[in-house]
Structures are given as C-alpha cells and as structure tokens.
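*Asks:* Predicted model, plus sequence, below.
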Amino acid sequence: MSRRRSLGPKKKLALLLSAATVAGGGAFVMATTSNASPPAATTKSAANSTVCQGLATALGNNERFIAGQRDNPDAQSEARIANREAVIAQIKVQQEASGCTVGESAQGSQPAQPEQPAPSQPAAGGQEGQAGQDEQAGQGGQAGGGAAAGEQVCNGSTVTLSGEAGAPAASSNQFPAGTKLKVTNLDNNKSTTVEVTSVSGSCVLLNNAAFEQVREPGKFLIRRAVIEKVG
C-alpha cells in the first residue's frame, strides 16, 4: 500500500504565497486593461467622405456669399450676412454630428458655360433691375438668366444644400429671384421644382426642404445633377 505524502508547514506557506502572487498579478493586468482609455474617434475630411464633402461645400458656398456681400454691400447685406452666419453655425453642428472636421470649407465645382450663342440683346427688363444680383453673378449670371425656359443650365455643377429652413426653395448667383428651376438627381431619379428666392455663391443651392426631396440618405452633395430652367 502506497503512503500519501503530506506537505509540511513550510511548503504549504510557500504554495499559498505563490498562488496569491499569481492572483494579484492577474488582477493588476485586468485593472490596467479596464482603465486604458478608449481609442480616439477618427475625424473624417472632405477628401475621404462624401458626407463631409457635401457639408464642406455648403459651408464654403455660404462663406463665399458672405464675402461677396461684404465686398459689394447694399441695404440688405447686413441681414443676409446674419442669416448666412446662422446657416454656417448649423452646418458646423452637422459636421460634428457626422464625425467630420468642424469648420472645413470647400468651394463647389463651377458650372461649364452653356454651349449656346450669346444673346444678341439684353433680356426684357434690362440688367438694371437686377443690379444687386448681377454683382454676385457676374458674366455667368447673364448667361444663366438669358437661358430659355426648358433649357438645361449649369452644366457640370454639383448641387448641395444652403442650410436654410422654410418651404422648398433655391438660391443662385446666375438666376434672378422668381426663376423656377427643376433639379434632378440622376443617382436616384428624384426631382424637385423650386423657385429662386435669394442670391448665393453658386449656380444653385437648395434649402433644406428642397434638398430632402432629391437627396440620397446620408448624403449632402449631389454629384450627378441635371438643372433645367422651367420658368
């Protein structure tokens, strides 16, 4: 019959100390792991995110509009600038919520000139009635304003939102207030017809309500758009 060996007091004490050391080390590792700070969130930019690019373009267009108003002020410039500054603040809130670089600004693509002969005579009403808007539009405004109803305009332009609230409407640096434009998003075949109500820094900017009618979920920029003057 085999004899069971019993551990002496010294060996028992040594084993207990070893076990306590191992347990303490494990607890230290667990505590260190749990106290480690989480990885910092990655901030996206317009270069690698279509959402951020759309917001940056909207911000840049509004900044350009404000700069134009300050260079050529009129009686309404102060109110227009205050309105666009509020819009810019809202766009920055959207940038932060979307994980984009807050305050990043970009200019929208410029439209190619329509392939049509220059009008031989000024449009009815003359240019003087639209003097304030022509200061923002320049030569492009004359070309766009002279387009016939049903004609495609702003070829090559991207479309983004102005950030303004209210009923569906648009702003433009090429068409006077009262012009009706049809904007079609070729990526989802949705379209909206809106009236130009104010001046902006690009061919056409849609306010929030109008942009929602043609946007793709999660996007703030329409890359492939057809814009028609319908009235």
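*Replies:* In hand now; what should we look at?

*Asks:* pLDDT averaged over stretch 215-230 - what is it?
*Replies:* Stretch 215-230 comes out with an average pLDDT of 89.

*Asks:* Of all the residues in it, which ones are buried?
*Replies:* By neighbour count on 16 or more other C-beta atoms under 10 Å, the buried set for stretch 215-230 is 215, 219-223, 225-229. Quick note: C-beta positions are derived from backbone N, CA and C, even for glycine.

*Asks:* CSV for these, including secondary structure and distance to Ser198?
*Replies:* Shown next, in CSV, are the buried residues of stretch 215-230 (DSSP: H, G, I helix; E, B strand; the rest coil; distance: C-beta to C-beta, whole Å):
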residue, secondary structure, distance to Ser198
Arg215, coil, 20
Lys219, coil, 24
Phe220, coil, 20
Leu221, strand, 20
Ile222, strand, 20
Arg223, coil, 24
Ala225, strand, 20
Val226, strand, 22
Ile227, strand, 17
Glu228, strand, 20
Lys229, strand, 17
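
*Asks:* Tabulate these (JSON lines), appending distance to Leu206.
*Replies:* What follows is the buried residues of stretch 215-230, written out as JSON lines (distance: C-beta to C-beta, whole Å):
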{"residue": "Arg215", "distance to Leu206": "9"}
{"residue": "Lys219", "distance to Leu206": "13"}
{"residue": "Phe220", "distance to Leu206": "11"}
{"residue": "Leu221", "distance to Leu206": "11"}
{"residue": "Ile222", "distance to Leu206": "9"}
{"residue": "Arg223", "distance to Leu206": "14"}
{"residue": "Ala225", "distance to Leu206": "10"}
{"residue": "Val226", "distance to Leu206": "14"}
{"residue": "Ile227", "distance to Leu206": "10"}
{"residue": "Glu228", "distance to Leu206": "14"}
{"residue": "Lys229", "distance to Leu206": "15"}
